[in-house]
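Asker: Sharing a model prediction with you, sequence too.
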Amino acid sequence: MTSLAIAANGLRKSYGDKVVLDGIDLAVPAGTVFSLLGPNGAGKTTAVKILSTLISADGGDLHVAGHDLAADPQAVRAAIGVTGQFSAVDGLITGEENMLLMADLHHLSKREGRRVATELLERFDLVEAAKKPAASYSGGMKRRLDIAMTLVGSPRIIFLDEPTTGLDPRSRHTMWGIIRALVADGVTVFLTTQYLDEADELADRIAVLSDGKIAAEGSADELKRLVPGGHVRLRFADPAAYQSASVALREVTRDDEALSLQIPSDGSQRELRSLLDWLDSVGVEADELTVHTPDLDDVFFALTGSTVPAQNDQPKENVR
Ligand SMILES: Nc1ncnc2c1ncn2[C@@H]1O[C@H](COP(=O)(O)OP(=O)(O)OP(=O)(O)O)[C@@H](O)[C@H]1O
């Protein structure tokens, strides 16, 4: 059996009358990336705060790194690192000083502290900036310093609460590389994000939090299979070809103005081939064919009814 880095059963938390976490279960195998996805205010940060011992739960059987959260929070704290939405970086001192301060907090000797700080500053490409006040750093540099500081204590489990919010695409990709490298080293990552493409890229398992409950859980592919919406779109320049195709094909949705037809499809090679064969057999050629497969946006909106726009670097439709 794979050991669980994080195991929560019946995790509950309310603020006054507001139930934020309504008895959720989470199981995160060691050495994997787990992403908790949800719209603003869904309770992601609350879950991170509880699992990282910053606040207490109202109920639930909670284990992190094999330790009972209620009985032995100190042991949990020794095994984890947390990087929140509000950075631990002190802007008035340099990046290096921030690192050394962290090393002090972890009771490393002066020499060991220097060694670890130097190694991490190198790893996170902060050597040049190391002697400058952190307040002068860009958003991406601050976030990298924040993670480097978290790693001073060599945590085996890291909670990253929206680590790329507000970063430009290049910095986001750098952060993704950092997260992948952590996992390659065997670290378990608990990641909250509003970015669906981020969860799609990084997470082994994704849980969608909505109304205090886990609305769905699985790999990105499993979640995508939960929602319908896959289709092929054929566009025609010639109205006669459009007419012939719309008569020849079954289950089509017509758009007479755009001269385009939408046909339900899973986008597989087999289905595409049979569609093209059928068009060939009736002597019709489409001018454009696009395949739309459901993505995590579709899942997210279907499950949460959220109107939060998802940032997505990838075009949803692939023109073939
Ligand atoms: N200390 C608190 N007192 C009262 N209500 C709180 C407190 N902390 C959080 N909440 C409420 O709990 C709910 C969940 O908040 P939380 O910060 O966990 O959401 P989130 O999913 O992390 O959202 P975001 O993506 O905006 O960070 C929100 O409605 C929030 O207003």
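Answerer: Yep, it's here. Numbering: from 1, shown residues only.

Asker: Is any residue of stretch 40-49 near the ligand?
Answerer: Yes. Stretch 40-49 comes into contact with the ligand (CB under 6 Å from any ligand atom), by way of 40-46. In short, each C-beta sits where N, CA and C put it, glycine included.

Asker: avg pLDDT for that stretch?
Answerer: In this model, stretch 40-49 has a mean pLDDT of 91.

Asker: Which positions within it qualify as buried?
Answerer: If you call a residue buried by 16 or more other CB atoms under 10 Å, then stretch 40-49 has these buried ones: 42-49.

Asker: Can I get these in CSV including secondary structure and distance to Ile24?
Answerer: Shown next, in CSV, are these (DSSP: H, G, I helix; E, B strand; the rest coil; distance: CB to CB, whole Å):
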residue, secondary structure, distance to Ile24
Ala42, coil, 11
Gly43, coil, 8
Lys44, helix, 11
Thr45, helix, 14
Thr46, helix, 11
Ala47, helix, 7
Val48, helix, 13
Lys49, helix, 14
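
Asker: Tabulate those residues in CSV, adding columns for distance to Lys18.
Answerer: Below are those laid out as CSV (distance: CB to CB, whole Å):
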residue, distance to Lys18
Ala42, 12
Gly43, 10
Lys44, 15
Thr45, 14
Thr46, 10
Ala47, 15
Val48, 18
Lys49, 15
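
Asker: List just the nearest of these to Gly10.
Answerer: Nearest to Gly10 among these: Ala47, at 13.0 Å, using CB to CB.

Asker: Let me see the contact set for that closest one.
Answerer: 11, 21, 24, 26, 36, 192, 209 (CB atoms under 8 Å, 6 or more residues apart in numbering).

Asker: Just those: which are in strands?
Answerer: Members of the contacts of Ala47 lying in strands (criterion: DSSP state E): 11, 21, 24, 26, 36, 192, 209.

Asker: For the residue in the stretch 101-250 of the chain that the ligand sits nearest to, give its distance to Gln243.
Answerer: Distances between the stretch 101-250 of the chain and the ligand by CB to the nearest ligand atom are smallest at Gln194, namely 5.7 Å. For Gln194, the distance to Gln243 (CB to CB, to the nearest Å) stands at 44 Å.

Asker: One more: Ala215?
Answerer: Noted for Ala215: a distance of 43 Å to Gln243, by CB to CB.

Asker: do the same with His67
Answerer: From His67 to Gln243 the distance is 69 Å (CB to CB).
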